[in-house]
Structure formats: C-alpha cells, structure tokens
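Peer 1: Below are the sequence and a predicted model; questions follow.
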Amino acid sequence: MLDLYKEKFKKIEILVAKTFSLLSLKPNHYTLLAIFFSLFVFYFLVKQNLIFATVFFLIASFLDFIDGAVARYKNLSTKLGAYLDTICDRYVEAILLFGILFLPLPKIILPKEFWIFLIVFGSLMTTYAKAAAKEKDLVVSELKGGILSRTERLFLFLLALVLGIFNSNWMMVVLIFVAILTNLTAIQRIFFAIKSAK
C-alpha cells in the first residue's frame, strides 16, 4: 500500500541519498550489505537476543532503502540493480523468518512453523503475482499496491521483533497478522491481474 505513496517520502529520500552519496559505495554495495547485516539478525535470533536482532534488522532495512535512494539520486538506476535488489529483498526476509524459527514462540491456534510458512508463501506469491502478470502481458504497468506490500511487511516485522523483547505472545500475534495479510495481498494482486486481462 505504501509503495503507491512514494512521492510523499521524496524529501526524506533525497536527504538520505545526498548523505550516503558522499561515500564511495555504489547502490549495489548497499544492497549486498543488507544481506550481510541480515546474517547478524539470524545469529542473534538463534541466540534469542531480540534486542541485537532488532538493531541489525533496522540496519539491514535501512540499507535496503539507501540503495534505491542513492541509485535514483546519482542516476545510477539499472535493470540489473533493480533485479539484484528484488532478489536480495527475498533473501533478507527469508533469513529473518528462518531465524524466528529458533525462537521459543507460543502456539496460537497452530504452531509457529505453520504461520511462518504462510508468511513465506504469501510474500513469494505477492511478488510472483506481480512478476507473472507482467511476464504474461496481462498488465501494461507493474502491479503494485494491495493490503501489505514489502514496506508494510518490514514495519510489521520490526514491530514483531520489538514486541518480542517484552512478550513472545505479542510477537506471535503480529506474525499471524502478517501471515494472513500477505496471502490476502497475493490474492488481491492475482485478482487485479485477472481484471486487467479482461
């Protein structure tokens, strides 16, 4: 949903881009650094240290924002960079969710493994529904929007980690919320694609 309102955050993006453009790093370097820091997220989740896991997740998420901001500001946007960014996004999420499996989270209706599987599946289907619609020429422009796009997922993952520091039940509730909404978003995008094809 927030990906439809990127223009509202343009001033922040330009400020970030100007600051990080002073460094010699290229946009793709920031993209790869996001994966590097996500490995620390995984490590601290395995160690059940949610404070440090949250800090490193914040860094990884911020790096994901920086890469696109710098690319647009310095006019370095490329198809390869966009592709690499999309692939790395999936890895960062997968590493986070894999780490969450090691946490002693409570069973709420169903085990944590079920809900995490639903998050992974919903996230993949949200992205694939968009990619397949474009590949099969069902839509002219890229499908965007829906209840829960990547930006919202990142905010909710961050919320889950923060709440998990204090109460594992709260963390589990947020993850269940993400699991349901990611799959509803995938269904939304599939519906948008079918509707566009008529």
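Peer 2: Thanks, I have it. Numbers count the residues shown, from 1 in each chain.
Peer 1: drop to CA atoms for contacts and neighbour counts, all remaining ones
Peer 2: OK.
Peer 1: Number of residues surrounding Tyr30?
Peer 2: Other residues near Tyr30 come to 22 when the count uses other CA atoms under 10 Å.
Peer 1: For the protein, which segments are assigned as strands?
Peer 2: Assigned by DSSP state E, the strands in the chain number zero.
Peer 1: Closest to the mean position in the protein, which residue would that be?
Peer 2: Among the residues of the chain, the smallest C-alpha distance to the mean C-alpha position (CA atoms, centre = their mean) belongs to Arg150, namely 4.2 Å.
Peer 1: Contact partners for it?
Peer 2: For Arg150, no residue meets the contact criterion (CA atoms under 8 Å, 6 or more residues apart in numbering).
Peer 1: so how far is Leu184 from it?
Peer 2: Distance, Arg150 to Leu184, using CA to CA, to the nearest Å: 14 Å.
Peer 1: What's the per-residue pLDDT of the residue nearest to the centre of the chain here?
Peer 2: Confidence at Arg150, expressed as pLDDT, is 80.
Peer 1: same deal with Leu39?
Peer 2: On pLDDT, Leu39 comes in at 94.
Peer 1: same question, the one 4 residues further on
Peer 2: Looking at Tyr43, its pLDDT stands at 96.
Peer 1: Contact partners for it?
Peer 2: Tyr43 makes contact with Ala53, Gly99 under the criterion CA under 8 Å, 6+ apart.
Peer 1: And it, how far from Leu105?
Peer 2: Shown here: Tyr43 relative to Leu105, a distance of 17 Å by CA to CA.
Peer 1: now Leu39
Peer 2: As it turns out, when the distance is counted by CA to CA, Leu39 lies 21 Å from Leu105.
Peer 1: cool, and Val174?
Peer 2: In terms of CA to CA, Val174 sits 12 Å off from Leu105.
Peer 1: again with Ala53
Peer 2: Going from Ala53 to Leu105 by CA to CA gives 15 Å.
Peer 1: Of those two, which one has the most company?
Peer 2: Using other CA under 10 Å, the more surrounded residue of Ala53 and Leu105 is Ala53, with 28 against 18.
Peer 1: quick one: low-confidence ranges for the protein?
Peer 2: Residues of the chain that meet the criterion pLDDT under 70 lie in 1-24, 27, 67-68, 71, 73-77, 137, 139-145, 197-198.
Peer 1: All the helices of it, residue numbers only.
Peer 2: In the chain, the helices defined using DSSP state H lie at 10-20, 27-46, 50-73, 79-100, 112-135, 150-166, 168-197.
Peer 1: quick one: buried residues of the last one?
Peer 2: So the one you mean is helix 168-197. Burial within helix 168-197, assessed by neighbour count using 16 or more other CA atoms under 10 Å, is assigned to 168-172, 174-176, 178-179, 181-190, 192-193.
Peer 1: cool, stretch 102-113 as well?
Peer 2: Applying a neighbour-count criterion of 16+ other CA under 10 Å, one finds Leu103, Leu105, Lys112 buried in stretch 102-113.
Peer 1: List phi and psi for the first one.
Peer 2: Backbone torsions of Leu103, given as degrees, to the nearest 10, read phi -80, psi 140.
Peer 1: Likewise for Leu148?
Peer 2: For Leu148, the backbone dihedrals are phi -140, psi 90 (criterion: degrees, to the nearest 10).
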